[in-house]
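J.: Return a 3D structure for these sequence lines:
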Amino acid sequence: MAFSNKFGWLVLTTGNKSEMSVGYATLYGDMAGGFAVIKDVPKTMVYELCRWKNSSAGRTVIPHRMFSKEPSAELRPEQKDTDTLPPYPLLDPVLRAYIEEDKGFEDLLSSGCDVKCTQKIIGMIDRSEYKRRQAPPGIKITQRAFGRDRRFPITNKYRGF
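T.: Numbering: from 1, shown residues only. Presented below is the predicted three-dimensional model:
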């Protein structure tokens, strides 16, 4: 932000759609900035894009450690996203079905998570709307991005299911 103020540069945020969906992007942390480049890019696609970048460049642009290190918010020692979330290859299809395809609870169960896991994910998505309202604009790449495409109440205790 200091460089932005000094040189007029645009600060880019780093939260992806999976993190934005369940509230894993941190207000005033990785959400602080003026433009959210990967705001509508699911975590699994972020990895695909990184592999593509290395392949198309013919060299290692993005370190291989990025692919082998388990995702973490790094807010405490030894923390992993899978401590409280299913692995992203399991989470992203549920997110896509609920957010982009507007599928109901019963249909979400066929996405790969059990009842308890699915309820938890839906709750996390619904409770995180207040954070998404404060996020900077970003590029839309999916059928339904947060913001104009999908608005959800931020009132206390609202539940859609």
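J.: how near is residue 34 to residue 54?
T.: Here the criterion is C-beta to C-beta, to the nearest Å. By it, residue 34 lies 28 Å from residue 54. For the C-beta atoms, the positions are set from N, CA and C on the backbone; glycine is no exception.
J.: actually residue 28, not the one I wrote
T.: On the measure of C-beta to C-beta, residue 28 and residue 54 end up 32 Å apart.
J.: Equivalent analysis for residue 46, please.
T.: 13 Å.
J.: Check residue 135 too.
T.: 28 Å.
J.: now swap in residue 80 and tell me
T.: Between residue 80 and residue 54 the computed distance is 24 Å (C-beta to C-beta).
J.: out of those two, which sits in the more crowded spot?
T.: Using other C-beta atoms under 10 Å as the criterion, residue 80 and residue 54 rank with residue 54 on top: 17 against 14.
J.: Checking my notes, the more buried one in a strand, right?
T.: No: according to DSSP: H, G, I helix; E, B strand; the rest coil, residue 54 belongs to no strand; its state is helix.
J.: Would you state the helices of this structure in chain order?
T.: Residue ranges of the helices in the chain, as given by DSSP state H, are 2-7, 17-22, 43-57, 65-68, 88-95, 105-108, 115-127, 129-133.
J.: And the fifth one, how far out from the chain middle?
T.: Just to be clear, that refers to helix 88-95. Counting by C-alpha atoms, centre = their mean, to the nearest Å, helix 88-95 is centred 11 Å from the centre of its parent chain.
J.: Then the first one?
T.: The chain centroid and the centroid of helix 2-7 are separated by 27 Å, computed with C-alpha atoms, centre = their mean.
J.: Using CSV, write out the CA atom coordinates for that helix.
T.: The C-alpha trace of helix 2-7 is given here as CSV (Å, rounded to 0.1, in the frame of the first residue of the first chain):
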residue,chain,number,x,y,z
ALA,A,2,2.9,2.3,0.7
PHE,A,3,4.2,1.8,-2.9
SER,A,4,0.6,2.3,-4.2
ASN,A,5,0.4,5.6,-2.3
LYS,A,6,3.9,6.7,-3.4
PHE,A,7,3.9,5.7,-7.0
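J.: quick check: mean pLDDT across that helix?
T.: In this model, helix 2-7 has a mean pLDDT of 93.
J.: Please identify the buried residues of it?
T.: Residues of helix 2-7 classed as buried: none (neighbour count, 16 or more other C-beta atoms under 10 Å).
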